[in-house]
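**Q** coordinates only, sequence not included:
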């Protein structure tokens, strides 16, 4: 909203667009020497071919109900589209390798690690981020429960924890089993053991786990 | 990450052709392993062929009484399928023992079979690795080897196949259906799908360049008690030190396959004849010829003990 916001200015690295175009032009020039390009490719071992110019892709995403037209480098992850292109910094980048869960968002009803997913592969998908769950004036019940139970300390993993928790309760409701589900042919229970297992993809370095489980249990209980 | 072109394939044969004719092209499905490796430039495809729109996401009954699992069925959908839960419980259990819910929601059946090793030297691009650069040498041999293989190893590689799902599929005698770039289809028994490292540890499966997995089929159910027991450093969200998949019948006969010990899911059918004689008899034959290191010799004992736990659990399950 206000372009004097330093975070937004930082996020507005639209200079990448220009950089991309310049880099693209340079690389295209190099690649247009066919003999050289093919010689390089042949000389290098299989997995590491000569660097290619960036490739742009156009697609659309529905983020928290709003359709966004995107035109980004194919390498851009869903996480980077949310943070760097749409300036929705609620979704956090932790490990960037699918190990910590800080980037968890809900795509077409399923929670995923947005860092391990190319944005271009989600053309037409509906994405729900922490910004889409609730607002400061009207918190989602899971957000309110995290506040009530002190389910965080530094807060960095919290958006991922909350998106993950909302989806986890939905997965139990759908009857999706987990590693600790006693009988595979019966519906999974809403137990602490189930919640702990189902939240194991979200790491909290501050160690707020027991309060996180209290928060999720409260929301689960009120729904049951 | 290196730049790449991106294209959605419309048919399986088209996808295979696109990958075969483009040097350094790769299929992408869930991408949970490939993108991780691309960020580290361990994988550096110049073209990605997206196979998510091929309609290969169904689980269907086969005329033989088994199940045909589309290559793109997600781990979550496969583990949750009522038929799998009822008749192939070991497969549900194996999948649910792996990764996190977020990853299982994205990871696919075929992609999971192609998951690459988690050997820390494979991941460390500053260290020689015969998988990353054939002929470069193996940093794991003589290095820190606690997680690594104890059997089927070679002088070129001691990495393990890291997954859980494939261990259950090996146990269930699954078959991998593929399509080649020329449109030819073939069926690869799961026993022949993953390879031992030998002198070519960078060639991990029986797939030819451009060959695309379209489905995995399971033969008709075999009954019995289904157990997947995974031993790891954390109780959730960690790779196996050792895992045991087993189907055990009332008379004490059965099947067993082991994960975390070799470059492929490890099963020795001849060892299964020893099942009525107890875990030691099975484990001794299963791991005959093992070449553990000082760091991972515990895995040999751990296989036997995990198998003993599985066999007594099966007995209780049948009581």
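**A** Yes, it's here. Computed from a predicted structure; not experimentally measured.

**Q** C-alpha only now, for contacts and for neighbours.
**A** OK.

**Q** Strands along chain A, start to end?
**A** A:56-63, A:66-73, A:104-107, A:110-113, A:126-128 (DSSP state E).

**Q** Of those, which is nearest residue B:307?
**A** Distance to residue B:307, taken as Cα to Cα, is lowest for strand A:110-113 among those, at 33.9 Å.

**Q** got the residues of chain A near chain B?
**A** For chain A, the residues in contact with chain B (Cα under 8 Å from any Cα of the partner chain) are A:45-49, A:51-55, A:74-75, A:97-98, A:101, A:104, A:110-113, A:116-117, A:121, A:175-179, A:184-185, A:197-201.

**Q** hmm, back to that, can you redo the strands of chain A as a markdown table with mean neighbour count?
**A** Formatted as a markdown table, the strands of chain A follow (neighbours: other Cα atoms under 10 Å in any protein chain shown):
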| stretch | mean neighbour count |
| --- | --- |
| strand A:56-63 | 17 |
| strand A:66-73 | 16 |
| strand A:104-107 | 26 |
| strand A:110-113 | 27 |
| strand A:126-128 | 21 |
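
**Q** got JSON lines for those, with mean pLDDT too?
**A** Output for the strands of chain A, formatted as JSON lines (pLDDT from 0 to 100):
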{"stretch": "strand A:56-63", "mean pLDDT": "98"}
{"stretch": "strand A:66-73", "mean pLDDT": "98"}
{"stretch": "strand A:104-107", "mean pLDDT": "98"}
{"stretch": "strand A:110-113", "mean pLDDT": "98"}
{"stretch": "strand A:126-128", "mean pLDDT": "98"}
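
**Q** Quick one: closest of the ones you listed to residue B:257.
**A** strand A:110-113 (30.2 Å).

**Q** Tell me the neighbouring strands of the closest one, and mark each as parallel or antiparallel.
**A** Counting by DSSP bridges, the strands paired with strand A:110-113 are strand A:104-107 (antiparallel).

**Q** Which residues does the strand it pairs with contact?
**A** A:91, A:111-114, A:125-130, A:159-161, A:163-164, A:167, B:102 (Cα atoms under 8 Å, 6 or more residues apart in numbering or on different chains).

**Q** Please repeat the previous calculation with a cut-off of 10 Å.
**A** Residues from elsewhere that reach strand A:104-107 (Cα atoms under 10 Å, 6 or more residues apart in numbering or on different chains): A:62-64, A:78-79, A:91-93, A:98, A:110-115, A:122, A:125-130, A:157-167, A:201-202, B:102.

**Q** tell me how far it is from the chain's mean position?
**A** Centroid separation for strand A:104-107 versus its chain: 6 Å, with Cα atoms, centre = their mean, to the nearest Å.

**Q** Check stretch B:311-319 too.
**A** Averaging C-alpha positions (Cα atoms, centre = their mean) puts stretch B:311-319 26 Å from its chain's average.

**Q** what's the average pLDDT for that stretch?
**A** Stretch B:311-319 comes out with an average pLDDT of 89.

**Q** ok, it near chain A or not?
**A** No: using Cα under 10 Å from any Cα of the partner chain, stretch B:311-319 never reaches chain A; the gap is at least 11.4 Å.

**Q** Would you enumerate the residues in contact with residue B:182?
**A** Residues counted as contacts of residue B:182 (Cα under 10 Å, 6+ apart) are B:13, B:14, B:16, B:17, B:20, B:210, B:211.

**Q** so which residue of chain B comes closest to chain A?
**A** residue B:102 (4.3 Å; Cα to the nearest Cα).

**Q** Let me know whether that residue touches residue A:114 as I believe.
**A** Yes: using Cα atoms under 10 Å, residue B:102 is in contact with residue A:114, at 9.3 Å.

**Q** which residues do these two both contact?
**A** Common neighbours of residue B:102 and residue A:114 (criterion: Cα under 10 Å, 6+ apart): A:98, A:101, A:104, A:105, A:106.

**Q** one step back: which helices and strands does the helix or strand encompassing the residue of chain B closest to chain A pack with?
**A** Element membership for residue B:102, per DSSP states H and E: helix B:101-106. Packing partners of helix B:101-106 (3 or more Cα pairs under 10 Å, 6 or more residues apart in numbering or on different chains; DSSP states H and E): strand A:104-107, strand A:110-113, helix A:158-174, helix A:192-198, helix B:75-80.

**Q** Now residue B:137. Its backbone dihedrals?
**A** Torsion angles at residue B:137 (phi, psi; degrees, to the nearest 10) stand at phi 110, psi 170.

**Q** Pull up the per-residue confidence for it.
**A** 98.

**Q** With residue A:52 instead?
**A** 75.

**Q** My guess is it contacts residue A:75. True?
**A** No: between residue A:52 and residue A:75 there is no contact under Cα under 10 Å: 11.9 Å.

**Q** Identify the contacts common to these two.
**A** Counting by Cα under 10 Å, 6+ apart, the residues touching both residue A:52 and residue A:75 are B:2, B:3, B:4, B:5.

**Q** Could you export those to TSV, including columns for distance to chain A, pLDDT and neighbour count?
**A** Shown next, in TSV, are the shared contacts of residue A:52 and residue A:75 (distance: Cα to the nearest Cα, whole Å; pLDDT from 0 to 100; neighbours: other Cα atoms under 10 Å in any protein chain shown):
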residue	distance to chain A	pLDDT	neighbour count
B:2	6	95	19
B:3	5	97	19
B:4	6	97	22
B:5	6	97	19
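
**Q** in the sheet, who's paired with whatever residue of chain A ends up closest to chain B?
**A** In chain A, the residue that lies nearest chain B is residue A:112 (4.3 Å; Cα to the nearest Cα). Beta-bridge pairing for residue A:112 (DSSP bridges): residue A:105.

**Q** Could you pull up the residues touching it?
**A** By Cα under 10 Å, 6+ apart, residue A:112 lies in contact with A:98, A:101, A:103-106, A:160, A:163-164, A:167, B:32, B:100-107.

**Q** ok, and the closest non-adjacent residue to residue A:146?
**A** Nearest residue to residue A:146 in three dimensions, chain neighbours excluded: residue A:215, at 5.3 Å (Cα to Cα, 6 or more residues apart in numbering or on different chains).

**Q** show me what contacts that neighbour?
**A** Applying Cα under 10 Å, 6+ apart to residue A:215 gives the contacts A:141-151, A:162, A:165, A:209, A:221.

**Q** change it to 6 Å
**A** A:145, A:146, A:149 (Cα atoms under 6 Å, 6 or more residues apart in numbering or on different chains).

**Q** Next: residue B:205.
**A** B:193, B:194, B:195.

**Q** what's across from it in the sheet?
**A** Under the criterion used (DSSP bridges), residue B:205 bridges to residue B:194.

**Q** so what pLDDT did it get?
**A** pLDDT, read off for residue B:205, is 98.

**Q** Please apply the same query to residue B:295.
**A** pLDDT at residue B:295 comes out at 98.

**Q** Which of the three states applies to the residue lying closest to it once chain neighbours are set aside?
**A** Excluding the flanking residues, the one nearest residue B:295 by Cα to Cα, 6+ apart is residue B:146, at 4.7 Å. The three-state assignment at residue B:146 reads coil, by DSSP: H, G, I helix; E, B strand; the rest coil.

**Q** what do you get for residue B:53?
**A** coil.

**Q** and residue B:155, that's in a helix?
**A** No: according to three-state DSSP, residue B:155 belongs to no helix; its state is coil.

**Q** which residues touch it?
**A** So residue B:155 contacts nothing (Cα under 6 Å, 6+ apart).

**Q** likewise the one 10 residues further on?
**A** Under the criterion of Cα under 6 Å, 6+ apart, the neighbours of residue B:165 are B:94, B:95.
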